[in-house]
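> Build the 3D model from these lines:
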Amino acid sequence: MKKLSKREFSLLYLLTYATVAMFFFVFDPQGTSSTAYGSGGGRYADRVDSFSEYIVRNTIKRNVLNNNELSLLPILTKGYNNEDYNYYPDGYQKYYSNPILQTIPATIIAKTLKLNTEKKLDIFFNMLRLINAFLLATSVTCLYFIFCRAHGLNMEFMAPLLAGCSSGFILFSQNLYFASFLIIAPALLAATQLTIRGNFNKSMIAFLGVLYFLRGYEFATILALLTAFSIAIFTPGDIQTKAKSSALGFMMICLAFLISIMIHMAFVWADDRSWSLVDVTRQTFANVRHRTASTSGVPFPFSTKFLATMNERWEHSAFSISSSGLIISEFTIIMLMMIGLIIRLGKLSITERLIYLYGFLGYASWYICAYQHIMWHHMYDWYIFSLTIGLSFSLLLLLYGSIVTQHIHSMYLILQKKG
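Down below sits the predicted model:
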């Protein structure tokens, strides 16, 4: 029988890990759900943000089923104001606030496969949801796996559980609007390349950033910080070397953001060439000021109502194994990280400092830069928590768990020698 090579063995491990995490994403034994823009009592496929997912679905249906109305821009169907997300071929309006260009490759595939009925397209969307879940499961478990290998940790077997039990990842893993694996992709690429060859491809980081932003602009600060963080912890050398490399990755994401804006504006102009540059800019960024520089419809920062809202959010599940099993709230995770930080204060390695810094800074960044957006869409807190504090907590668990097990093993060897 042929033995597996070390590389083949690692790939088999990763595939197994991703499959385990995907099981949690798809079957959700934890029963994780949101009531805001969720499934509409079971009418719609997504359990956390059907409002956004059905923009993608209905745009693809319009492109495939109505050949006379093909365009690059997404649509809102006429029932949206009444929380009816079903497809209607008439009475829709164009949606300019985000490019949502994942509809284009999906449309091409659907047309190639001749999926010319709503029923066939719905089956196609279910397949896309499963692919999204698998790609996110693979991305997160690979990132944890590489972290363990690069830092000599023996806890890599925990990777699929840490990914699969994260409430935010469970909720957003299949959503066709967010395509969540894209926000991990630049960080994962950087981690892989830095571990293998000691540097990363700047152009590819920018390219993956463009792919993410052409999906949508939400959580831009987290994408930039996560990419910079990944580069920092996997770059060999002292803190200055890590900082320079990290800053370069951050700038690549900023460049990707600017490129994406220009592409988005070009698509808006192509839709109606009678518009001036001012008109195109106004249509493209109609909601930016409202989402980033207003408190319309949401509690004022640090008011009593704000504190009550955050208290409610932090009571949400951050990690869970089952609906009746171990459930750890966001507040508990924050407290555990604070306790860990205090205990390790003065003994923190560079890697630990970066993990703590990224977790808290990343989480706060979207509240600072897009306050109205995150306070209005309360279910997004699950997502950004998983991508920031939740991810940092997972890395710390892998790191400290390995230290503890190595210490126990050393004690066992000492006792064995004495015996």
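> Can you name the secondary structure element that comes next after the helix or strand harbouring Ala270?
Per DSSP states H and E: Ala270 is located in helix 239-271. Beyond helix 239-271 in the direction of the C-terminus, DSSP H and E gives the next helix or strand as helix 277-284.
> And the residue nearest the centre of the protein?
Geometric centre of the chain, nearest residue: Ser180, 4.2 Å, by Cα atoms, centre = their mean.
> if I read this right, that residue contacts Phe134, doesn't it?
No: using Cβ atoms under 8 Å, Ser180 is not in contact with Phe134; the gap is 11.4 Å. Just so you know, the C-beta spots here come from the backbone N, C-alpha and C atoms, and that holds for glycine as well.
> in the stretch 101-250 of the chain, which ranges drop under the pLDDT threshold?
Applying pLDDT under 70 to the stretch 101-250 of the chain flags no residue at all.
> Ile403 versus Asn58, what's the distance?
51 Å (Cβ to Cβ, to the nearest Å).
> Which one's more surrounded, these two?
Neighbour count, other Cβ atoms under 10 Å: between Asn58 and Ile403, Asn58 has more, with 23 against 13.
> Phe319 belongs to a strand, doesn't it?
Yes: using DSSP: H, G, I helix; E, B strand; the rest coil, the secondary structure at Phe319 is a strand.
> Could you report the pLDDT at it?
Looking at Phe319, its pLDDT reads 95.
> if I pick it, what's in contact with it?
Neighbouring residues of Phe319 by Cβ atoms under 8 Å, 6 or more residues apart in numbering: Leu162, Cys165, Ser166, Ser167, Leu326, Ile327, Ile328, Ile333, Gly390.
> beta partners of it?
Note on Phe319: beta-bridge partners by DSSP bridges are Ser166, Ile328.
> element containing the nearest residue to Cys254 once chain neighbours are set aside?
In space, and not counting its chain neighbours, Cys254 is closest to Ala224: 6.6 Å by Cβ to Cβ, 6 or more residues apart in numbering. Taking DSSP H and E as the definition, one finds Ala224 inside helix 220-234.
> how about the strands in the chain?
75-76, 93-94, 317-320, 327-329 (DSSP state E).
> got the ones you listed as TSV, with distance to Leu397 columns?
TSV is the format used below for the strands of the chain (distance: least, Cβ to Cβ, whole Å):
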stretch	distance to Leu397
strand 75-76	42
strand 93-94	46
strand 317-320	10
strand 327-329	11
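> out of the ones you listed, nearest to Leu115?
With Cβ to Cβ as the measure, strand 75-76 is the member of these nearest Leu115 (18.3 Å).
> Which secondary structure elements does that closest one sit against?
Contact here means 3 or more Cβ pairs under 8 Å, 6 or more residues apart in numbering; DSSP states H and E; on that basis strand 75-76 packs against helix 50-65, strand 93-94.
> Any chance of TSV for those, columns distance to Tyr380?
Formatted as TSV, these follow (distance: least, Cβ to Cβ, whole Å):
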stretch	distance to Tyr380
helix 50-65	10
strand 93-94	24
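> Looking at the strands of the chain, spot the one closest to Thr138.
Nearest to Thr138 among those is strand 317-320 (19.6 Å), distances taken as Cβ to Cβ.
> Only C-alpha atoms, please: export the closest one in CSV.
Extracted C-alpha coordinates of strand 317-320, given in CSV (Å, rounded to 0.1, in the frame of the first residue of the first chain):
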residue,chain,number,x,y,z
SER,A,317,-23.8,33.2,21.7
ALA,A,318,-20.2,33.5,20.4
PHE,A,319,-19.4,29.8,20.5
SER,A,320,-21.7,26.8,21.0
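> List the residues that contact the closest residue to Asn287 other than its chain neighbours.
Excluding its sequence neighbours, the residue lying closest to Asn287 (Cβ to Cβ, 6+ apart) is Ser97, at 4.9 Å. By Cβ under 8 Å, 6+ apart, Ser97 lies in contact with Thr284, Ala286, Asn287.
> now Tyr383
Gly168, Leu171, Phe172, Phe178, Ser180, Phe219.
> Also compute the angle for the helix holding Ala270 relative to helix 220-234, please.
Helix 239-271 runs at 150 degrees relative to helix 220-234, counting by axes from the mean of the first three to the mean of the last three Cα atoms, to 10 degrees.
> which of the residues in helix 239-271 are buried?
242-243, 245-246, 249-250, 252-253, 256-257, 259-261, 264-265, 267-269 (16 or more other Cβ atoms under 10 Å).
> same thing with stretch 193-210?
In stretch 193-210, counting by 16+ other Cβ under 10 Å, buried: Gln193, Leu194, Phe200, Ile205, Ala206, Phe207, Leu208, Gly209, Val210.
> Now the two most distant members of those residues.
Using Cβ to Cβ, the buried residues of stretch 193-210 reach their maximum pairwise distance at Leu194 and Val210, which is 20.9 Å.
> Check the spacing between Leu357 and Ile233 real quick.
Distance, Leu357 to Ile233, by Cβ to Cβ: 11 Å.
> Likewise for Thr77?
From Thr77 over to Ile233 (counting by Cβ to Cβ), the distance is 44 Å.
> so where do the helices sit in the stretch 51-200 of the chain?
If DSSP state H, counting those that start in this stretch is used as the criterion, the helices of the stretch 51-200 of the chain fall at 103-112, 118-150, 159-164, 167-172, 181-197.
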